[in-house]
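Chemist: this one's sequence-less:
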């Protein structure tokens, strides 16, 4: 049983943004700090509207919330206790849409990078992902210098 009213739940859900989220802004800031530029945001000309897209290099970056996109074995990918049938269908549709977009992009010669919300919480993990996947584009090696983790407040996402 839900602890809040349906109208309050609806209000809460309406506040969840799909663009310019805090995880997305953190990734964009790190890309900028590393000297990686020339990307488009939410480009509608390719399947799945990647959060960050490098059309000339055919690189698409999806920044996925662990809850909404069901990050495997992640503590943040919990299942709501109420209205379970709805959530199972919702999450299945999200995962199928993600899989289709990735497949279509890869079949068109694109490199697809998925960055999970839980990986963004640790700046070192995020730096390693960007270095591994996009190291050939890094213009600022200072990006790899150790820095304290940014203040990341999950509730504000």
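Modeler: That came through fine. Quick caveat, the model's predicted, so the values are computed rather than measured.

Chemist: Can you show me the strands along this structure?
Modeler: All strands of the chain, identified by DSSP state E, fall at 40-41, 52-54, 59-64, 111-116.

Chemist: between these, which one is nearest to residue 89?
Modeler: Closest to residue 89 of the strands of the chain, according to C-beta to C-beta: strand 59-64, at 18.5 Å. Placement of C-beta: from N, CA and C, glycine included.

Chemist: re earlier: now for the strands of the chain, which one comes closest to residue 85?
Modeler: Of all the strands of the chain, strand 59-64 sits nearest to residue 85, with 23.0 Å by C-beta to C-beta.

Chemist: Pick out the residue closest to the middle of this structure.
Modeler: Nearest to the geometric centre of the chain sits residue 63, at 1.3 Å (C-alpha atoms, centre = their mean).

Chemist: helices or strands next to the biggest helix by length in the chain in the packing?
Modeler: Secondary structure of the chain read by DSSP state H shows that its longest helix is helix 84-107. Applying 3 or more C-beta pairs under 8 Å, 6 or more residues apart in numbering; DSSP states H and E, one finds that helix 84-107 makes contact with strand 59-64, helix 66-69, strand 111-116.
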